[in-house]
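Student: okay, here's the prediction I keep looking at, along with the sequence it came from:
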Amino acid sequence: MKPWTGRPHLSILGAKEEDRFTHYLCELLRAPSVLAAFLKDLCNVEVKPNVNVSMQPQVTEGRPDLAIRGESTYLLFEAKVGSWLHEDQLSPYARELDQWLRKNPAGTARLFVVAPHRQVLGIAHTAKQELSEAGLSHFQPVGIAWEQIATLFQTLDANDPRLNLHLREFSEIILYRLGEPTRPFTVEECKLLDDPLVARSLHRARLLIEHVKQILSNQGFSFKDSRGFLYDGYGVAFEGRTWWYGIWIDAWAKLGLSPIFLQLLGLTNRVVPLIPEGLPSPVSVQFGKLEEQVVPLPIRDAVELESLAREQANIILRYTTELPESGAG
């Protein structure tokens, strides 16, 4: 067996946090035993022994973070740590896989997104919408949480002591960065919090909520202040049932998509019914033993605030009138 020649220390040269995490992962995957476990346990892909599999970060149009290629395998990975998907980011990767699969119809071509556990479902949901709109819905992205990678790497026992050290070290970095609420701020987080545009954006989002409140109050809805440590909004009552609407930071951190949510209080820990056509579908978000159903409400650029408020108000109105069981009795 060839000795492991990975150089994970090169990952510190990455300009972005995603680059540093992905480069470290790529170097560890250069060990055949680590790659085989990663593909089998997390990607559900088995590669036959002695089949050459090569890895390369940031290849093809759009620069995916990691590509794994073999004689009959082509896997592309987009990795996120503290950011969200850019507009139309995954479509070029799916087209690349589609072209390869046409030439290798018996092969395995898959698309993955790697993200923190709290965000991976939301990012995968956004990716599915993007690919569906691009006519590439047959490439459903598979979500892998960084925490899953950490758990796997903690269980591996390689024959190389240096490799074992780095497997444990990378696992600790992942769990410290993503799981410890009292850890120091990262460079990326400080840059965001230093930018007054972030504050102005949240201020505008709060103004949007007030516009929606005024529109719905004129249609018979009542609102009651509902604020706490990580949420700021209203209990919304209509015809004897209640929903919640506002900025929910904890859900935003888990899902991305939008800071403004309509919480379907009547569907907590329940199966989601058929959603009326034209309404945005709810997204599940887990808080302890509670599985909440929330609707991320759109914030779009170049749309006047009043128009956006009417759009959000109409979504809330339709949920309350067409799906009243989504509210708590």
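Tutor: Nice, thanks for sending it over.
Student: got any ranges where the protein has weak pLDDT?
Tutor: 1-2, 13-15, 49-64 (pLDDT under 70).
Student: rerun that using 50 as the cut-off
Tutor: Across the chain, residues meeting the criterion (pLDDT under 50) sit at 62.
Student: mind listing the helices for it?
Tutor: With DSSP state H, the ranges of helices along the chain come out as 17-28, 32-41, 91-103, 117-133, 146-155, 161-179, 187-194, 196-217, 249-255, 305-322.
Student: for the ones you listed, which one ends up most surrounded?
Tutor: When those are scored by mean count of other Cβ atoms under 10 Å, the highest mean neighbour count falls to helix 17-28 (a mean of 22). For the C-beta atoms, the positions are set from N, CA and C on the backbone; glycine is no exception.
Student: contacts for it, please.
Tutor: With Cβ atoms under 8 Å, 6 or more residues apart in numbering as the contact definition, helix 17-28 has outside contacts at 6-8, 10-14, 34, 55, 57, 65-66, 77, 79-83, 114, 146, 149, 153, 163, 166-167, 170, 173-174, 186-188.
Student: now stretch 179-188
Tutor: By Cβ under 8 Å, 6+ apart, the list of residues contacting stretch 179-188 reads 16-17, 82-83, 147, 176-177, 193.
Student: next one: stretch 99-113
Tutor: Residues outside stretch 99-113 that contact it (Cβ under 8 Å, 6+ apart): 43, 45, 72-80, 85, 90, 93-94, 97-98, 120, 123-124, 127, 139-144.
Student: from those, which land in strands?
Tutor: 73-79, 142-144 (DSSP state E).
Student: report the buried members of those.
Tutor: 73-79, 142-144 (16 or more other Cβ atoms under 10 Å).
Student: export those to CSV and tack on distance to residue 214?
Tutor: Listed next are those as CSV, based on distance: Cβ to Cβ, whole Å:
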residue, distance to residue 214
73, 56
74, 52
75, 50
76, 46
77, 45
78, 40
79, 42
142, 43
143, 38
144, 43
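Student: let me have the helices of the chain in CSV, extended by distance to residue 231.
Tutor: Shown next, in CSV, are the helices of the chain (distance: least, Cβ to Cβ, whole Å):
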stretch, distance to residue 231
helix 17-28, 27
helix 32-41, 36
helix 91-103, 34
helix 117-133, 16
helix 146-155, 24
helix 161-179, 22
helix 187-194, 19
helix 196-217, 12
helix 249-255, 7
helix 305-322, 17
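Student: looking at these, which is nearest to residue 281?
Tutor: Among the helices of the chain, the nearest to residue 281 by Cβ to Cβ is helix 117-133 (8.6 Å).
Student: compute the inter-axis angle for that closest one and helix 91-103.
Tutor: Per axes from the mean of the first three to the mean of the last three Cα atoms, to 10 degrees, the angle that helix 117-133 makes with helix 91-103 is 60 degrees.
Student: what's the separation between the residue nearest to residue 3 when sequence neighbours are not counted and residue 9?
Tutor: In space, and not counting its chain neighbours, residue 3 is closest to residue 160: 6.6 Å by Cβ to Cβ, 6 or more residues apart in numbering. Counting by Cβ to Cβ, to the nearest Å, the separation of residue 160 from residue 9 is 15 Å.
Student: the more surrounded of these two?
Tutor: residue 160 (16 against 11; other Cβ atoms under 10 Å).
Student: can you pull the contacts of the more buried one?
Tutor: 3-4, 31.
Student: please parse the protein into its domains.
Tutor: 8-190, 195-326 (automatic domain parsing).
Student: for the longest one, measure first residue to last.
Tutor: The one in question is domain 8-190. Counting by Cα to Cα, to the nearest Å, you get 25 Å between the two ends of domain 8-190.
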